[in-house]
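# for reference, the sequence and a predicted model appear below.
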Amino acid sequence: MRSDSQAAGQKPRSFIEDARRAQIVTSAVETLAEHGYAGTSLARIATRVGISKGVISYHFAGKDELIEQLVEQIYGRISAFVAPEVKREQTVVRRLAARFRALANYASTHRAEMVALTEIFNNLRDSNGQLRYGDGYNEDLYQQLEEEFRAGQATGELRSFDTRVMAVTAQAAIDAMIAYSDTNPDHDIGAHASELALLFEHAIKAPTTAPPQET
């Protein structure tokens, strides 16, 4: 069995092995989106690819490792898509709006991936019965948003507020946008993102001082 992270000295995977692993992960995404977490088995994933379950077991230690690789790969693709859109903006308010829009754009064009992630996040549990991707999994995202908010407060762009509360609220709004779109495929997620951008602009932007009126 091979894991995605190869130990030092381990023979590099061949192009064919990488291609097969990618094929299995893609099949897992499609199976999760179609049958849900409970209905997704290695046998069903293998059937979709047209291979035996033993071939999956050669490349992955089991369903949990396959799922973890799937999450890691999708998050990597989302980050690669969103980061350039965010970085090109010059203010915190505009960067947050860009984050909402980019995530909505990705979700609208990669619906199976989003549904698969939702199924995993709501169902995969660790050995203690806790959700494998519970709230603690968002800690890095919270810290990134907090850093942005603190920078905006330091420059005077943003008003004073609790950056942790606002970071958790912003991430919850993103998660809810994705989840609602998953269950309502006809929902205009782009308009949803624009509304969130406006809502958070009003919530975080420092008030402007009105010019003195002429007498």
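Happy to help now that I have it. Numbers count the residues shown, from 1 in each chain.
# residues in contact with the nearest residue to residue 167 once chain neighbours are set aside?
Spatial nearest neighbour of residue 167, excluding adjacent residues (Cβ to Cβ, 6 or more residues apart in numbering): residue 145 at 3.7 Å. Heads up, the C-betas are built off the backbone N, CA and C, glycines and all. Shown here is residue 145, whose contacts under the criterion Cβ atoms under 8 Å, 6 or more residues apart in numbering are 96, 163, 166-167, 170-171.
# let's go with 7 Å and repeat that
167, 170-171 (Cβ atoms under 7 Å, 6 or more residues apart in numbering).
# of these, which is the nearest to residue 18?
residue 171 (32.4 Å; Cβ to Cβ).
# quick revisit: what's the helix or strand for the residue nearest to residue 167?
helix 139-155 (DSSP states H and E).
# try residue 74
Short version: residue 74 belongs to helix 63-87, going by DSSP H and E.
# how about that helix: buried residues?
Neighbour-count burial for helix 63-87 flags 63, 66-71, 73-74, 78, 82, 85-86 (criterion: 16 or more other Cβ atoms under 10 Å).
# skipping adjacent residues, who's closest to residue 203 in space?
Using Cβ to Cβ, 6+ apart, the nearest residue to residue 203 is residue 166, at 7.3 Å.
# give me the neighbour count for that neighbour.
Residue 166: 20 surrounding residues under other Cβ atoms under 10 Å.
# all strands of the protein, in order?
Assigned by DSSP state E, the strands in the chain number zero.
# just the helices in it please.
15-35, 42-49, 53-59, 63-87, 92-109, 111-123, 139-155, 163-183, 189-204 (DSSP state H).
# would you turn these into JSON lines with distance to residue 131?
Shown next, in JSON lines, are the helices of the chain (distance: least, Cβ to Cβ, whole Å):
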{"stretch": "helix 15-35", "distance to residue 131": "16"}
{"stretch": "helix 42-49", "distance to residue 131": "21"}
{"stretch": "helix 53-59", "distance to residue 131": "24"}
{"stretch": "helix 63-87", "distance to residue 131": "13"}
{"stretch": "helix 92-109", "distance to residue 131": "21"}
{"stretch": "helix 111-123", "distance to residue 131": "7"}
{"stretch": "helix 139-155", "distance to residue 131": "14"}
{"stretch": "helix 163-183", "distance to residue 131": "13"}
{"stretch": "helix 189-204", "distance to residue 131": "24"}
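# so can I have TSV of these showing mean pLDDT and distance to residue 130?
Written out in TSV, the entries for the helices of the chain read as follows (pLDDT from 0 to 100; distance: least, Cβ to Cβ, whole Å):
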stretch	mean pLDDT	distance to residue 130
helix 15-35	90	20
helix 42-49	92	23
helix 53-59	89	26
helix 63-87	93	14
helix 92-109	97	26
helix 111-123	93	12
helix 139-155	96	15
helix 163-183	95	18
helix 189-204	98	29
